[in-house]
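Participant: Turn this into a model:
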Amino acid sequence: MDCLVDCLIDSPFSVSIGQTIWKRGGLALAKSLSQTPTLYHYLASPYSEKLRLALGMAGMQWGSVIVSSQPPRPIVDFFLMGYRRIPVLQLGAHFYCDSKLAFDALAQYSDRLTWGGRLSASQELLRQRAEERVFFAVIAAASSISVLRFLARDLGLLGTLRFLQDRAQMMKDATIEKMSPSTAAGVIEDFVGHLESLLRFEDFLVGERASYLDLCCYHPLWMASLINRQAILSLPPLVQAWMQRIAALGHGASISLSQDQLHDMVITDTAPDPVGEISGSFAPGALVSVAPVDYARNRTVGHLAVMDSHQCVIKRGLQSGEAVFLHFPIAGFEVSSL
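Facilitator: I've put the predicted structure just below:
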């Protein structure tokens, strides 16, 4: 699997500030750093783009932590030792290790994210199609020359070699379907045709406003345009116009945060520990490992706090003595006793 998409580009616009977050441009701002949604990301990560746009939709100011496209990531490991996927959203002492869980957490702070939030059965199938089959079809369909040119432009020759070695290791035990370039191109063509049919009567996929479904369907095509800047020009005009409307949502305004500030967000989080259902044969507080089932299958270890049909939350102690809570989805992850 030539998983060549998550590469490092320049950091996004951000400003360094102290402990106060200033109001700017009518954005919804937190009163303290502990309430500031903070995204660990890099600019070329498609799932990071999904959450950056969600923050733009919400009109929220957010903390930006730029990390490398590949491990080691010391600032991530300090909180999430063992977990390697990006992006991760931090809210106080809580870390959301999945873009849907992160979106749902952000929606609790902004009514703008609740539009079209509950997907119908057909919409959920479209989301799965976009984020699973189409996402990897975009990678499989890309020419080797386009991918290498894209990587070398931002990583240099040595950086590109290191990146490819890392991704080969990451995909070693992957369960992702492998596609030929011709099959992948057909998958993308069918998907784009379906989007075009949905956009004939509405500006967005769920009606008059951008929704979570729009972001899920947008980011694989956004990734394709990064790999090959001419790719968007081959799309139908309705789909091109839709992509321009999604891009116009922007990313809100970001602030850069130091590791000490990120740690302070954990320390000053006064919310009670999460309490909820523990399903299956697991006991509250049991030591477990959590890992994705498809690729990047590194295990993260912690004590079980919540496990229901939607998410698994584990508690980890930091070397400094504080506790953090890591949120994983049930779908696509496996939980094992230790």
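Participant: so where's the protein uncertain?
Facilitator: 1-34, 116-117 (pLDDT under 70).
Participant: Spell out which residues make up each domain of it.
Facilitator: Following automatic domain parsing, one finds the domains of the chain at 121-247, 273-338.
Participant: and of these, who's closest to residue 78?
Facilitator: Closest approach to residue 78 among the domains of the chain (C-beta to C-beta): domain 273-338, 7.4 Å. Where you see a C-beta, it was placed from the backbone N, CA and C, and this is true even at glycine.
Participant: tell me how far that closest one is from the chain's mean position?
Facilitator: 19 Å (C-alpha atoms, centre = their mean, to the nearest Å).
Participant: First-to-last residue distance for it?
Facilitator: End-to-end span of domain 273-338 (C-alpha to C-alpha, to the nearest Å): 22 Å.
Participant: One more: stretch 307-321?
Facilitator: 24 Å.
Participant: List the buried residues of it.
Facilitator: 307, 311, 312, 313, 314, 315, 316 (16 or more other C-beta atoms under 10 Å).
Participant: ok, now stretch 132-149?
Facilitator: Buried, per 16+ other C-beta under 10 Å, within stretch 132-149: 133, 134, 135, 136, 137, 138, 139, 140, 141, 142, 146, 147.
Participant: Helix, strand, or coil at the third one?
Facilitator: Translated: residue 135. helix (DSSP: H, G, I helix; E, B strand; the rest coil).
Participant: and the closest residue to it other than its chain neighbours, what is it in contact with?
Facilitator: Closest residue in space to residue 135, ignoring its immediate chain neighbours: residue 220 at 4.6 Å, by C-beta to C-beta, 6 or more residues apart in numbering. Each residue near residue 220 by C-beta atoms under 8 Å, 6 or more residues apart in numbering is listed here: 46, 130, 131, 134, 135, 137, 138.
Participant: again, but for residue 311
Facilitator: 101, 327, 328, 329, 330.
Participant: could the buried residues of stretch 132-149 go into TSV alongside distance to residue 58?
Facilitator: Below are the buried residues of stretch 132-149 laid out as TSV (distance: C-beta to C-beta, whole Å):
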residue	distance to residue 58
133	28
134	25
135	23
136	28
137	30
138	26
139	29
140	33
141	32
142	31
146	33
147	33
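Participant: The buried residues of stretch 307-321 into a markdown table, with extra columns for secondary structure?
Facilitator: Shown next, in a markdown table, are the buried residues of stretch 307-321 (three-state DSSP):
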| residue | secondary structure |
| --- | --- |
| 307 | strand |
| 311 | strand |
| 312 | strand |
| 313 | strand |
| 314 | strand |
| 315 | strand |
| 316 | strand |
